[in-house]
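**Student:** Have a look; sequence and predicted model below, questions after that.
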Amino acid sequence: MLETYLGDIEYLVREQQWGEAVPLALALPHICAALADAGLRSSRAQYLQWCEVWVRPEQSDTCLSVPTPEALYAMARECAGADDLDAHGGVPMHALRQLRLRRLSRAAPPRREISLEEMSDLTDEPGPGREACVALLEAVRLWYSDSASMDATVQNNLARLAVLR
């Protein structure tokens with residue numbers, strides 16, 4: 001489910017559909033923080049903490065300037081229009097619904113993972129949205145491989161989301 005969500009964002013980045021890619025990518029820290037919480041909750045503090053730990057430039061020679069956690073959170077709030085956390089007791093309902101919908105969507109042709117260098121070459125959107133997409137995709141892959149794949153809470157929450165209707 002998470003892999004499909006990431007694949008969709010990578011596809012949108014490759015197609016340079018920034019209006020769709022950026023909001024999905026900016027929801028990733030909320031999704032990851034919620035998956036790591038037994039109650040599927042996320043807050044501003046958890047969003048920022050997740051970004052502090054996982055979002056970082058891969059190489060010093062990259063042309064990307066990774067937005068700060070505060071900038072990412074501000075961009076996420078701007079994209080959402082309103083903070084959906086306030087209405088649902090800390091559960092990022094919209095972001096988790098989007099994650100679940102990716103599981104329910106019709107299977108798409110296999111997509112190859114887009115590399116950091118390829119994403120850096122996409123220049124139609126020279127603003128922070130592109131950098132946010134790149135940084136967050138890399139951060140989620142790192143988070144999942146280093147931490148979440150072995151975390152019982154994350155795996156239980158992914159299973160719970162997979163069976164919810």
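**Tutor:** Now that the structure is in, tell me what you want to look at. Owing to the predicted nature of the structure, the values given are computational and were not obtained by experimental measurement. Residues are numbered from 1 along each chain as shown.
**Student:** what about the longest helix in this protein?
**Tutor:** Ranked by residue count and defined by DSSP state H, the top helix of the chain is helix 128-146.
**Student:** mind listing what the spatially closest residue to Glu70 that is not a sequence neighbour touches?
**Tutor:** Of all residues not flanking Glu70 in the chain, Leu48 sits nearest, at 6.9 Å (C-beta to C-beta, 6 or more residues apart in numbering). Where C-beta positions appear, they are placed from N, C-alpha and C, glycine not excepted. When contacts are counted by C-beta atoms under 8 Å, 6 or more residues apart in numbering, Leu48 touches Pro69, Glu70, Tyr73.
**Student:** Only the buried subset of the residues you listed, as a PyMOL command please.
**Tutor:** Only the buried entries of those go into this PyMOL selection, using 16 or more other C-beta atoms under 10 Å:
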select buried, resi 69+73
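**Student:** Using TSV, please lay out the contacts of Leu48 together with secondary structure and pLDDT.
**Tutor:** Below are the contacts of Leu48 laid out as TSV (DSSP: H, G, I helix; E, B strand; the rest coil; pLDDT from 0 to 100):
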residue	secondary structure	pLDDT
Pro69	helix	90
Glu70	helix	91
Tyr73	helix	90
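**Student:** what about the spatially most central residue of the chain, distance to Ala76?
**Tutor:** Centroid-nearest residue in the chain: Leu28, 2.2 Å away (criterion: C-alpha atoms, centre = their mean). According to C-beta to C-beta, to the nearest Å, Leu28 and Ala76 sit 9 Å apart.
**Student:** now do Gln17
**Tutor:** Look at Gln17 and Ala76: by C-beta to C-beta, they are 18 Å apart.
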